[in-house]
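Engineer: Provide a 3D model corresponding to the input given below.
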Amino acid sequence: MYSLLSPALFASLVAAHGHVTNIVINGVSFSGWDINSYPYEQSPPSVVAWGTPNTGNGFIAPDAYKTSDIICHLNATNAKGHAVVAAGDRVFLQWTDWPESHHGPVVDYLASCGSSGCEAVDKTTLKFFKIDGVGLVDDSTVPGIWGDDQLIAQDSGWMVEIPPTIAPGHYVLRHELIALHSAGTEDGAQNYPQCFNLQITGSGSDQPAGVLGTDLYRPTDPGIIVNIYTSLSTYFLANITLSDCPRTNYLQWCYLNYTNHLGNYRFWYTGDRGRRCYRWQHYNLSPQVHYHNTGEDHKAYQCYHYHHAEEPIGREQLHVRRQQHVPRQTRGILSVFQQLFKLIWHKTHGKPALKDAFEVWAGDECY
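Structural biologist: Here you go, the predicted model:
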């Protein structure tokens, strides 16, 4: 489904949605795609933003997630120019006025275009990895404070940092707002992807794996179907890379990143000779807390401190340590991952295959 416009509805819908008008890098402004004029010009100017005939600020709905329109918007065509940015620098994206009712996350991705550049790359081959994301910031009120509320507070602007260790090259920056005001039922979410060509300079070497744009989301993902008008303790939108996990002496381990209103987290998987252990770690908090699955009951999870990777501590020790050592906001996140694991095991019918489990969430990021 797409947001299709008749002339009579154009004025009202332009006010209802939005697009990026320009980006700014180190004080230099680069024009975006002007939806009010460029679609009608035979030879529009070369800009860094991908073009689209979507002159009404429309959205991409979940039933189009498997089409190429979710990648860079409706019938998007390659930008003919690019902006140069150094790894570690920041890109500011200026939106038109974003409506206050359209609560939801702000997410940023990169995808390498290879040595040939992004001006002619086939968008359906681009593999995106997430570099930034802000979802539910404050759940003390309903519908809460979201990433796009922060954008509105910054005069509808957003700043994203290019990873300082990323390898130099040509990339597509995929910047997206996801409006959840109608997401309580299937096909109610609204995606507003915007793409820009960047040439990243620097001496980094990181080349993260990624997923195709058509695999970023699923219409039934818990971050896509969500009623924001009820009290939410958390929100997660796990769109990360998919790959097989390496094995060394029967040991395999992987991690994925996750952000909610309490901060940035990293979810780890380790498997060793049949034991499967899970842990999460706040980037700036300790201790590290593990989840352990005994293999006997796929929904019976224990959490334990990382004192010995080989063995979990017992339930009684767990209770004592949990009370004595785990900060309150740290304890609050335990239920999130407990729910996540239950969903994974349920959707994979209890199969402990790592790849199968993580495909539910579009993948994992492994070393």
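Engineer: burial of the residue nearest to residue 26 when sequence neighbours are not counted, as a residue count?
Structural biologist: Leaving aside its sequence neighbours, residue 26 sits nearest to residue 89 (Cβ to Cβ, 6 or more residues apart in numbering; 6.4 Å). Heads up, the C-betas are built off the backbone N, CA and C, glycines and all. Other residues near residue 89 number 15, with proximity taken as other Cβ atoms under 10 Å.
Engineer: could you do residue 51 as well?
Structural biologist: 22.
Engineer: now it: how far from residue 34?
Structural biologist: 9 Å (Cβ to Cβ, to the nearest Å).
Engineer: shared neighbours of those two, which are they?
Structural biologist: Counting by Cβ atoms under 8 Å, 6 or more residues apart in numbering, the shared contacts of residue 51 and residue 34 are residue 44.
Engineer: surely the residue nearest to residue 26 meets residue 163?
Structural biologist: No. Residue 89 is beyond contact range of residue 163, at 10.5 Å (criterion: Cβ atoms under 8 Å).
Engineer: break the protein into its domains for me.
Structural biologist: 7-215, 247-366 (automatic domain parsing).
Engineer: which of those domains has the lowest average pLDDT?
Structural biologist: Lowest mean pLDDT within the domains of the chain: domain 247-366, at a mean of 34.
Engineer: which stretches of the stretch 1-150 of the chain form helices?
Structural biologist: Taking DSSP state H, counting those that start in this stretch as the criterion, the stretch 1-150 of the chain carries its helices at 7-16, 69-72, 147-153.
Engineer: show me which residues of the last one are buried.
Structural biologist: Of the residues in helix 147-153, those with enough neighbours to count as buried (16 or more other Cβ atoms under 10 Å) are 147, 148, 149, 151, 152.
Engineer: got a list of contacts for it?
Structural biologist: Contacts for helix 147-153 (Cβ under 8 Å, 6+ apart): 95, 98, 100, 102-107, 133-135, 137, 157-158, 177, 179.
Engineer: how does it look with 7 Å?
Structural biologist: 95, 98, 100, 102-106, 134-135, 137, 157-158, 177 (Cβ atoms under 7 Å, 6 or more residues apart in numbering).
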